[in-house]
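Student: Below are the sequence and a predicted model; questions follow.
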Amino acid sequence: HSIDNFDIKQYKFNIIFMIETGNLQQINANRVIFLDWLRAIACLMVLIVHASECIYSNDYSFSFLSEAGRWSVCLINGFVRPAVPLFLIASAYLLVPLKTDTKTFFRKRFIRVVIPFIVWLVMYAVLPILWEEYTMTDVKNNLSKIFINFIPRASHLWFIYMLLGIYLIMPVLSSWLKQVSRREEEFFLALWLFTTLFWHAHEIFGDIFGECWWNPFPLFHYVSGYVGYVIMAHYIRKYLNWSMKKTLYVALPCFLIGYLFCVWSFYTRSFTVETVQQLELSWQTTSIAPVLMSFGAFMFIKKISYTGKAYKIIRDISCMSYGMYLMHMLILPYVFGLCNSTMSPAITILVTALVTYIICYIITKIISCLKYGKYIVG
């Protein structure tokens, strides 16, 4: 619509009227339905990942108290490895190429992402003193570090640093994507897919393609990492409108191959390696198996078009998902502690994730209703 003829007051009135009367058809028409489902699903998947890690990991070393715990982590955590990539693909699917000027893009991202991120960095540094997890010395030490990097208590916030880095180069990527051909985009994705093998190549060859201690940016550095998911999102949106039949024939095998490799690698390594870094090598989100799984999962979720009664809550969870992600590690460890003493490993993982999910949604919803809630939960 022409902005000159756009009546913002009437638009706001129409939105409020449709919400109050339950007529969501027009609102739904202006949303990408499957992305709401994707965010709600991916958010739960992230919580399952972190609940699983409570079973075996302390970030640096690992142990399994039982074979049931080992298999529970393999099968459940292995299945949800696309969690983080799905969030990034969802963001890139809507954002690239940019629809606004660079200044407007960064201003919106600052309000939506950066301010809540800073708020929660401080909360993770300070809040645990209320239940005596931290002393005042710990708090002072945390506050001196959080603007350099995340503290261990908030290790999940590594994702936000990465996301902000992707945002910084999105204007450049957008200019390229506006003029690149399909074949050129496919060539980039092929190079990127090749780099996802490097996690395992390093085990065999050590430093590769010009990599050394004085050069951490070797030959394929600039076509590797999370930027590939951004290009994948754009490619899917522009070129891949598959039928359910084709999705089953192509996306399902991609997901299953990646999943089976994740399970096999994690299980066998759990007997032969000593550190979490070595154990989770095939689970790294820019490694080949999670990339295949992420593509397959995204293509399946892309087929979701349901907008019935359940969609209203899914849409709301989607809107709350960033705040839920930011806060969940303040809650999840304590829920896990309650569940772990009375439940089997598999049930503990699933119940911990689900209960945390519900609690985080409720808290985020309450905060979002406050006058300045958007600066806390996005």
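Tutor: Thanks, I have it. What you see is a predicted model, and the numbers here were worked out from it, not measured in a lab.

Student: wait, residue 97 sits on residue 174?
Tutor: Yes. Contact criterion Cβ atoms under 8 Å: residue 97 and residue 174 qualify, at 3.8 Å. C-beta here means a position set from N, CA and C on the backbone, and glycine is covered the same way.

Student: So between the two, which is more surrounded?
Tutor: Ranked by neighbour count (other Cβ atoms under 10 Å), residue 97 and residue 174 place residue 174 first, with 18 against 15.

Student: Quick check: bridge partners of the closest residue to residue 56 other than its chain neighbours?
Tutor: Excluding its sequence neighbours, the residue lying closest to residue 56 (Cβ to Cβ, 6 or more residues apart in numbering) is residue 62, at 4.7 Å. For residue 62, the beta-bridge partners are residue 57 (DSSP bridges).

Student: Next one: residue 62 relative to residue 274, how far apart?
Tutor: Distance of residue 62 to residue 274, given as Cβ to Cβ, to the nearest Å: 8 Å.

Student: quick one: which of the two has more around it?
Tutor: Using other Cβ under 10 Å as the criterion, residue 62 and residue 274 rank with residue 62 on top: 19 against 10.

Student: Settle this for me: the more buried one is touching residue 277, isn't it.
Tutor: No. Residue 62 is beyond contact range of residue 277, at 10.0 Å (criterion: Cβ under 8 Å).

Student: tell me, what's touching the two both at once?
Tutor: Shared contacts of residue 62 and residue 277 (Cβ atoms under 8 Å, 6 or more residues apart in numbering): none.

Student: show me the contacts for the residue nearest to the spatial centre of the chain.
Tutor: The chain has residue 84 as the residue nearest its centroid, 2.7 Å off, counting by Cα atoms, centre = their mean. By Cβ under 8 Å, 6+ apart, residue 84 lies in contact with 42, 46, 159, 285.

Student: buried ones in the helix or strand in which it is found?
Tutor: Here residue 84 sits within helix 83-95, counting by DSSP states H and E. The neighbour-count check on helix 83-95 (16 or more other Cβ atoms under 10 Å) flags 83, 84, 85, 86, 87, 88, 89, 90, 91, 92, 93, 95 as buried.

Student: now stretch 68-82
Tutor: Buried, per 16+ other Cβ under 10 Å, within stretch 68-82: 69-70, 72-82.

Student: Mind picking the two most distant members of those?
Tutor: Farthest pair in these (Cβ to Cβ) is 69 and 82. Separation: 22.6 Å.

Student: which stretches of the protein have low pLDDT?
Tutor: Scanning the chain for pLDDT under 70 picks out 1-30.

Student: one more time with 90
Tutor: Within the chain, the stretches with pLDDT under 90 are 1-31, 57-61, 65, 99, 132, 147, 152-153, 341, 378.

Student: who wins for neighbours among the contacts of residue 84?
Tutor: Within these, neighbour counts (other Cβ under 10 Å) peak at residue 42, which reaches 28 neighbours.

Student: Excluding chain neighbours, give the residue nearest to that one in space.
Tutor: Closest to residue 42 by Cβ to Cβ, 6+ apart is residue 86, at 4.0 Å.

Student: now residue 377
Tutor: Excluding the flanking residues, the one nearest residue 377 by Cβ to Cβ, 6+ apart is residue 323, at 2.7 Å.
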